[in-house]
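**Q** Got a predicted structure here, sequence first:
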Amino acid sequence: MSVVAPNTTVEQTIEAIASSITSNPALPSTWDFCCDLEVDYGSEENASIVYSALAIDKELQPDKVKRQMSVCNGKLSVHFEAVEARFLRASFSAFVDILILATKTIEEFGHEMKS
């Protein structure tokens, strides 16, 4: 499982995840590729806010990519499974783009929301 800090660049995030993309023989033959991402937000509240923002967007091709998310101890955990590496890459990349936007929004406005 990869742990990525909120201030990590997209390139660093993708590079950190690239090594965790594997072909998993324990999965059914149609879901051969998987990847895990974990981001530590330091608080259950911030992790839950990001979870809620990202949970709205469902996978565009659920027959080709699965995404499971959870929040525990201030960390957002995401597990991806796909039938092909290219679907995994595209799904992961799009997800990270939105994740970064949500994270930057919390960083920018999070303290003002509590005031």
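**A** Noted; the coordinates are in hand.
**Q** and the helix or strand harbouring residue 36, what other elements does it pack with?
**A** Here residue 36 sits within strand 33-40, counting by DSSP states H and E. Where contact means 3 or more C-beta pairs under 8 Å, 6 or more residues apart in numbering; DSSP states H and E, strand 33-40 is packed against strand 2-4, helix 10-18, strand 22-23, strand 75-82, helix 85-114. Heads up, the C-betas are built off the backbone N, CA and C, glycines and all.
**Q** Now that strand: buried residues?
**A** For strand 33-40, the neighbour count (16 or more other C-beta atoms under 10 Å) marks 33, 34, 35, 36, 37, 39 as buried.
**Q** Who are the contact partners of residue 55?
**A** By C-beta atoms under 8 Å, 6 or more residues apart in numbering, the contact list for residue 55 reads residue 69.
**Q** Who does residue 69 form a beta bridge with?
**A** residue 78 (DSSP bridges).
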